[in-house]
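**Student:** can't give you the sequence, but here's the structure:
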């Protein structure tokens, strides 16, 4: 049975959804693929032990002191979506790839990859923000392009940042 909390973070409000033993969703207020009430489950406080760990790791990531997540995650999706999400999880911190590059690796069209990326239920933990257009442009992100740019800027190597 799932439960959720709505939490304030430095990138805005997020809805964190957990099952008994795993993170199953992180959603922005205007997320493209809205979770059902059943998916969300009961609303609880952010002091719930697993939700508190998720929020703590997200805040450490947003502050630049964490480059990866150490969370139990359960992804619910079809076999193709899970393949795409597994490919996302392999994109190293501070690097980007394109939908076409993922598609070529998986032997699938870039458009299909893009749809699966857009249905990633655990934004940031499975780093869909690291996928950009083939021309290097920012493309859609469930949290909006401003948040995507923030996350990409956060992950820039320190030597590449302008002060």
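**Tutor:** Alright, I've got the coordinates. Bear in mind the structure is a predicted one, so any value in this text is a computation, not a measurement.

**Student:** and stretch 114-132, what's buried?
**Tutor:** Judged by neighbour count (16 or more other Cβ atoms under 10 Å), stretch 114-132 contains these buried residues: 114, 116-132. All C-beta atoms are positioned from the backbone trio N, CA, C, and that covers glycine.

**Student:** oh, I was asking about stretch 6-16
**Tutor:** Those would be 7, 11, 14, 15, 16, for stretch 6-16 by 16+ other Cβ under 10 Å.

**Student:** likewise for stretch 66-84?
**Tutor:** Within stretch 66-84, the residues that count as buried by 16+ other Cβ under 10 Å are 69, 73, 75, 81, 83, 84.

**Student:** what segments of this protein are helices?
**Tutor:** With DSSP state H, the ranges of helices along the chain come out as 37-40, 49-62, 79-89, 99-106, 110-118, 145-154.

**Student:** mean pLDDT and distance to residue 26 added to those, as a markdown table?
**Tutor:** Formatted as a markdown table, the helices of the chain follow (pLDDT from 0 to 100; distance: least, Cβ to Cβ, whole Å):
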| stretch | mean pLDDT | distance to residue 26 |
| --- | --- | --- |
| helix 37-40 | 87 | 12 |
| helix 49-62 | 97 | 8 |
| helix 79-89 | 97 | 13 |
| helix 99-106 | 96 | 21 |
| helix 110-118 | 94 | 14 |
| helix 145-154 | 93 | 12 |
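
**Student:** contacts only, for the residue nearest the centre of the chain.
**Tutor:** By Cα atoms, centre = their mean, the chain has its centre lying nearest to residue 123, at 1.2 Å. Contacts for residue 123 (Cβ atoms under 8 Å, 6 or more residues apart in numbering) come out as 26, 27, 28, 129, 141, 142, 143.

**Student:** now that we have those residues, which of them are buried?
**Tutor:** 26, 27, 28, 129, 141, 142, 143.

**Student:** how about those residues, which pair is most distant?
**Tutor:** Comparing every pair within the buried ones among the contacts of residue 123 by Cβ to Cβ identifies 27 and 129 as the most remote, at 14.4 Å.
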